[in-house]
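K.L.:
prediction below, plus the sequence it came from.
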Amino acid sequence: MSLTEYQKQIDDILQGYAKPYWQPLSQLARLSEEVGEVARVLNHKYGDKPKKLNEAPDDLSDEIGDVLWSLICLANSEGVDLDSTIQRSIEKLTVRDKDRFERKVA
């Protein structure tokens, strides 16, 4: 499925609510919270902060999914087409920054 299709699917779900999208700053706060949960999972796995003994296991894929959901909601409410947005980002790396990073030797 394309990002545009995910955007439509999420919008279709949210249009069933009286207030489909939160205000932009509330959405940004939610996105930041979700990114923080990804950071927490990675810190528990690779960082210096061990999990508490009574904490349930975290699922990195679930947390990344929550980040994507929040990001798609923000994009939808601001009228951002994520398919063209990601394509422009890919072009920046493959065109503008193509010689910026060291490549593997074949």
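P.N.:
Okay, I see it. Since the structure is predicted, the reported quantities are computational estimates derived from the model, not experimental observations. Numbers count the residues shown, from 1 in each chain.
K.L.:
distance from the helix or strand hosting residue 29 to the middle of the chain?
P.N.:
Per DSSP states H and E: residue 29 is located in helix 24-46. Its chain's C-alpha centre and that of helix 24-46 lie 9 Å apart, by C-alpha atoms, centre = their mean, to the nearest Å.
K.L.:
tell me which residues of it come out buried.
P.N.:
When burial is assessed from 16 or more other C-beta atoms under 10 Å, helix 24-46 yields the following buried residues: 27, 30-31, 34-35, 37-38, 40-41, 44. Glycine gets a C-beta too; all of them are placed from N, C-alpha and C.
K.L.:
just checking, what packs against that helix?
P.N.:
helix 60-78 (3 or more C-beta pairs under 8 Å, 6 or more residues apart in numbering; DSSP states H and E).
K.L.:
what's the helix it packs on packed up against?
P.N.:
Counting by 3+ C-beta pairs under 8 Å, 6+ apart, helix 60-78 packs on helix 3-14, helix 24-46, helix 82-91.
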